[in-house]
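1. kindly generate the corresponding structure for this input.
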Amino acid sequence: MRVEACCQALLSEILPHVDPQQQGHCIDVGVGTFAFYCERFAQLGFPTIAVEPMPIDQLKQRCQKHKIRLIEACLSDRTGSQTLYSGRFARFGNLNFNSLDADWFGSSAQAKEVPTYTLAEFLRVTNVTSITCLKLDIEGWEPKVLGQLPNLAIAARPKLVMFEYGGGSPRHRQKKGWSPKFLAGTMQCLEALQHCGYGFSIMVDFASDAQVRCFDLQAVSLNPDEIFATNAVYGNIISFYGCDYDEAAIAQTAAKWQGGLFNWIGEKLFAR
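-> Numbers count the residues shown, from 1 in each chain. Reported below is the predicted structural model:
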């Protein structure tokens, strides 16, 4: 499954359904160098914020073109500054693997201090009161941000949350993004969403035989064996708050992105 292309196609259909008047903001946290969700959000007509501590020129140009507000910082569990570890994969530097976690499999010894905001402080300084979609791709730091959702006022909770899980290895190897520490973090993300009342969810995984899966987060046991296939590689989970979407339409859209030549390395490492 071509994960990022599939998720962008799904969100292009879903977001106008859940917020037809574009009343809420879409926030792309951890933009990276190729899967510019922020551009897609803006093209759909949503007020959009991109959060990326090390934006490449192409991102800056697209933000200017589409009137996207660019915040050169990270979301974290504290406001101030923290050490950002430059990404590295297959012995090459890669900004898509930058992480605030020194233990992340894509982190290198090269580092720099970057500004950070808690989720509540970020919403305050950006004057955002309604969120249609919060997308997180922050290389193992997702639980630090999603763990703050229960502290937000109900009215401020995003209608959709999409976050990345896994990476670097199949789940059954229990390494890299599936090591005990980071798998526990993924489960903490799901626990926070479940606690806040998020229900209908979509999982898109890169595994060659993976089908897009829909499930009710309020009705499942938070057991990794019940959530993830043993050969899961990496993917995104999209969880809905107070709304849902037609499963047949989801399957029809996802079928267009089944298989293909791009693998996880191709999407995350070489794509630009």
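2. what number of residues lie near Arg184?
-> Heads up, residue 184 is Ala, not Arg. For Ala184, the neighbour count with other CB atoms under 10 Å is 11. In this view, the C-beta of every residue, glycine as well, is placed from N, C-alpha and C.
3. who are the packing partners of whichever strand or helix holds Asn236?
-> Taking DSSP states H and E as the definition, Asn236 sits inside strand 234-240. Packing partners of strand 234-240 (3 or more CB pairs under 8 Å, 6 or more residues apart in numbering; DSSP states H and E): helix 3-18, strand 160-166, helix 180-196, strand 200-205.
4. tell me the helices and strands packed up against the next helix or strand after the first one.
-> It stands for helix 3-18. Sequence-wise, the next helix or strand downstream of helix 3-18 (DSSP H and E) is strand 25-29. Applying 3+ CB pairs under 8 Å, 6+ apart, we find strand 25-29 packed against helix 37-43, strand 48-51, strand 131-136.
5. ok so, going back, tell me the gap between the strand holding Asn236 and the middle of its chain.
-> 7 Å (CA atoms, centre = their mean, to the nearest Å).
6. could I get the buried residue list for the next helix or strand after that strand?
-> For strand 234-240, the succeeding helix or strand toward the C-terminus, using DSSP H and E, is helix 247-255. Neighbour counts over helix 247-255 (16 or more other CB atoms under 10 Å) mark Ile250, Thr253, Ala254 as buried.
7. between the residues you listed, which is nearest Gln110?
-> Among the buried residues of helix 247-255, Ala254 lies closest to Gln110 (CB to CB), at 37.3 Å.
8. now that closest one: closest residue in space that isn't a chain neighbour?
-> Val212 (3.9 Å; CB to CB, 6 or more residues apart in numbering).
9. next one: Trp178
-> Arg171 (4.7 Å).
10. against Lys65, how distant is the one you found?
-> 39 Å (CB to CB, to the nearest Å).
11. how about Asp246?
-> Counting by CB to CB, the gap from Asp246 to Lys65 is 33 Å.
12. one more: Arg157?
-> Counting by CB to CB - Arg157 and Lys65 are separated by 30 Å.
13. out of those two, which sits in the more crowded spot?
-> Between Arg157 and Lys65, Arg157 has the larger neighbour count (other CB under 10 Å), namely 19 against 10.
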